[in-house]
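Peer 1: sharing a sequence plus its predicted fold:
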Amino acid sequence: MKAKITLLAISSIIALFFSCTQKANENATTTPPTEAQIKSSKTEIAQLLDSLNAAAANADLEKYFSYYTEDATYNGTDATENWNKQSFKDWAKPYFDKKTTWNFTTVKRNIYFGAHQDIAWFEELVSTQMKICRGSGVVVKQDGKWKIQQYVLSMTIPNTQLDKVVSLKTAEEDSLLKSFKK
């Protein structure tokens, strides 16, 4: 009988613990950030993105890649440019070594948040050597700092020029599409 009471007491304590833990986790993930938190986070994220662009312009490889999470992905303007952090760093290193990197200047930026305080996404128009491009991605807060988890660079194409651009890329990308289907 004593063993049954002890077992019942332990089971009750365990059930109460998991119930409280689950409730705490639900509250932690569903409490929306305050306006002050959003404003502060937007400032931090904008500084992160500006610092990323400055590190690239200054050909500072280690600083540039320090702004990415270890499991980050980067998608470039070419359909084949889908890299993890290390493969992107390997691709970029010769450009950083020769000081022939890119210099992006943000001309318009939007930052968005969902219900969570540790994740946000952004999209921005940047002035580049390719003219206007769009940078977009996901940032996450790790150890109190915002880091880029995913970055996507896209070239913008004026709607009035779409037919010309499609014509220019058709042969190469038709071939690429066939290779993707294999």
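Peer 2: Yep, it's here.

Peer 1: residues contacting stretch 123-142, please?
Peer 2: Stretch 123-142 is contacted by residues 41, 45, 48-49, 53, 69, 77, 102-110, 117-122, 146-156 when judged by Cβ atoms under 8 Å, 6 or more residues apart in numbering. All C-beta atoms are positioned from the backbone trio N, CA, C, and that covers glycine.

Peer 1: switch to 7 Å and redo it
Peer 2: 45, 48-49, 69, 102, 104-110, 118-122, 146-156 (Cβ atoms under 7 Å, 6 or more residues apart in numbering).

Peer 1: now, of the residues you listed, which are buried?
Peer 2: Among these, those buried by neighbour count (16 or more other Cβ atoms under 10 Å) are 45, 48-49, 102, 104, 109, 120-122, 146-153.

Peer 1: for the helix or strand hosting residue 71, which positions count as buried?
Peer 2: Assigned by DSSP states H and E, residue 71 belongs to strand 68-75. Going by neighbour count (16+ other Cβ under 10 Å), the buried part of strand 68-75 is 68, 72, 73, 74, 75.

Peer 1: I'd like the next helix or strand past that strand.
Peer 2: strand 82-84.

Peer 1: C-terminal to that following strand, what's the next element?
Peer 2: helix 85-97.

Peer 1: what mean pLDDT would you report for that following helix?
Peer 2: The pLDDT scores in helix 85-97 average 98.

Peer 1: show me what it is packed up against.
Peer 2: helix 61-66, strand 68-75 (3 or more Cβ pairs under 7 Å, 6 or more residues apart in numbering; DSSP states H and E).

Peer 1: now render those as CSV, adding mean pLDDT and distance to residue 137.
Peer 2: Output for the helices and strands packed on helix 85-97, formatted as CSV (pLDDT from 0 to 100; distance: least, Cβ to Cβ, whole Å):
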stretch, mean pLDDT, distance to residue 137
helix 61-66, 98, 14
strand 68-75, 98, 9
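
Peer 1: nearest to residue 90, out of the ones you listed?
Peer 2: Smallest distance to residue 90 across the helices and strands packed on helix 85-97 (Cβ to Cβ): 10.6 Å, for helix 61-66.
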